[in-house]
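Peer 1: I would like to see how this sequence folds:
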Amino acid sequence: MVPVMYQPYPGGPQQVYYMPAHNVQAQAAGGLLEGIRAQIRNLASTDKLEGFSLGQTFSQAFAKHNADEMEEYMMVGASRTTPPIEMVETGWPKPWMFFRLLTLFVVANVALWGVWKFTGNLPLVPALLIMAAFAVPVATLVLIFEMNTPRNVSVVLVGKLFVMGGLAALCAVSFEYMTAIAGKMPGVVEETAKFAMVLLVVRGTRYKYELNGILFGAAVGAGFASFETCFYGLINAFLPTLIQGLQQGGQASVTINAAMQAMVDNLIFRGVLAPFGHVVWTAIAAGAFWRVKGTLPTSMSMLSDPRFFKAFLIPVAMHTLWDIGLDFPNNAFLNSLAGQVCGWIITGSISWYVLFGLVQQGLRQVKNEQQTQLQSTLATVEATLGLGAKRFAMQPQGPAGM
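Peer 2: This is a model prediction of the structure:
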């Protein structure tokens, strides 16, 4: 039991009552976590999440949808397929397409792996490499695509940004290997390269919503993550195992199987971590920039706006922490496993917390524009019909004092 002082009113007598120690500790822990969240929100310039629930958000993931619904759901973004702003949903989105796509990728990868085990056909190696590397980043991208409630961005533009993200990955990795300084700060180099690709592709004023920027960043980040995973699966897993086995005089078939297993292990590992890395990091950076940009043309002065610059520091910091992990002195086990896991949990949780805060801002932006549009339409109709003054005069008056 812990004594806690209580004063019923200023200057009144003090009383002592006892609270169980675990309650005090729980309140202290809750206060600490809320303090950390408040600092993160202050840095990201976002508000506390309201009305958000993971259960509600993903409640439609297992619901049934026929083929026509799926096709219409993805055919958006063109002049004839973008819904009027008045019809746009402004509550928390309930995505479901991403789960079907992820399931399709998993089934395809399992099928490829099964055929490989049965036939040992070498052309299946690049097929499995690409299919597995793209699976989770693309599914995560579709998840964020579904959060773009204005539905004003086409799959074509998303695909273009995805390819540019792959280009950013190749250029950034090459640059890091060429210069020692760049190699020591991948968080700065890679996050800058990805963000630059977003600005290179989308420079006009057609896309004005913060949710649009979030989607653009996610597309580039997904492309980056997919190509980077291809690189790691081939260069860091398949080829080293293959070369080592051949140098040791192992049988070709046994060596190839071992190399294939190493590659698959690497792809699964990176696939599990993919939703918490490049996709969400670039989505944060681009979303924060679109918060500043809005309907204005892109300009260099926007990069120094605190609403963007402070938020951009978050993915850079998360990327850096992701790479270095946490250090536990004199404990090899914690350094090799728990330290990295703790780092990934921390960075992943912070990254998605910030992203959901930006999504909430984007939804509010859409809702505010909806209200403005509806008020403008109502005013136009009233002016046309000459009902403006009569409408206000006809409003019923409540009782006095109400």
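
Peer 1: helix or strand for residue 308, which one?
Peer 2: Per DSSP states H and E, residue 308 falls inside helix 306-324.

Peer 1: Mind listing what's buried along that helix?
Peer 2: For helix 306-324, burial by neighbour count (16 or more other C-beta atoms under 10 Å) applies to 308, 311-319, 321-322. Where C-beta positions appear, they are placed from N, C-alpha and C, glycine not excepted.

Peer 1: thinking residue 223 is in contact with residue 170, fair?
Peer 2: No: using C-beta atoms under 8 Å, residue 223 is not in contact with residue 170; the gap is 10.3 Å.

Peer 1: burial count for residue 242?
Peer 2: 19 (other C-beta atoms under 10 Å).

Peer 1: typo on my end, it should be residue 259
Peer 2: Residue 259, neighbours per other C-beta under 10 Å, totals 21.

Peer 1: how close does it sit to residue 230?
Peer 2: Residue 259 is 15 Å from residue 230, where distance means C-beta to C-beta, to the nearest Å.

Peer 1: how about the closest residue in space to residue 267 that isn't next to it in sequence, secondary structure?
Peer 2: Nearest non-adjacent residue to residue 267, counting by C-beta to C-beta, 6 or more residues apart in numbering: residue 132, 4.0 Å away. Put simply, residue 132 is helix when judged by DSSP: H, G, I helix; E, B strand; the rest coil.

Peer 1: Give me the neighbour count for residue 132.
Peer 2: There are 26 residues near residue 132, going by other C-beta under 10 Å.

Peer 1: Is it in contact with residue 266, as I believe?
Peer 2: No: between residue 132 and residue 266 there is no contact under C-beta under 8 Å: 9.3 Å.

Peer 1: Is residue 145 within a helix or a strand, and which one?
Peer 2: Here residue 145 sits within helix 124-147, counting by DSSP H and E.

Peer 1: Which element is encountered next along the chain beyond that helix?
Peer 2: helix 155-178.

Peer 1: What residues of stretch 124-131 count as buried?
Peer 2: 124-125, 128-129, 131.

Peer 1: ranges for the helices of the stretch 301-402 of the chain?
Peer 2: Secondary structure of the stretch 301-402 of the chain (DSSP state H, counting those that start in this stretch): helices at 306-324, 332-333, 339-385, 388-393.

Peer 1: And the stretch 1-150 of the chain, by the same measure?
Peer 2: Using DSSP H, counting those that start in this stretch, the helices found in the stretch 1-150 of the chain span residues 21-44, 54-57, 67-74, 97-119, 124-147.

Peer 1: Leaving out sequence neighbours, find the closest residue to the residue nearest in space to the middle of the chain.
Peer 2: Geometric centre of the chain, nearest residue: residue 280, 2.8 Å, by C-alpha atoms, centre = their mean. Leaving aside its sequence neighbours, residue 280 sits nearest to residue 351 (C-beta to C-beta, 6+ apart; 4.6 Å).

Peer 1: on that earlier part again, who has more neighbours, residue 223 and residue 170?
Peer 2: Comparing residue 223 with residue 170 by other C-beta under 10 Å, the one with more neighbours is residue 223, at 31 against 14.

Peer 1: and the more buried one, what is it in contact with?
Peer 2: Applying C-beta atoms under 8 Å, 6 or more residues apart in numbering to residue 223 gives the contacts 137, 161-169.

Peer 1: Now the two most distant members of those.
Peer 2: The most widely separated members of these, counting by C-beta to C-beta, are 137 and 167 (15.0 Å).
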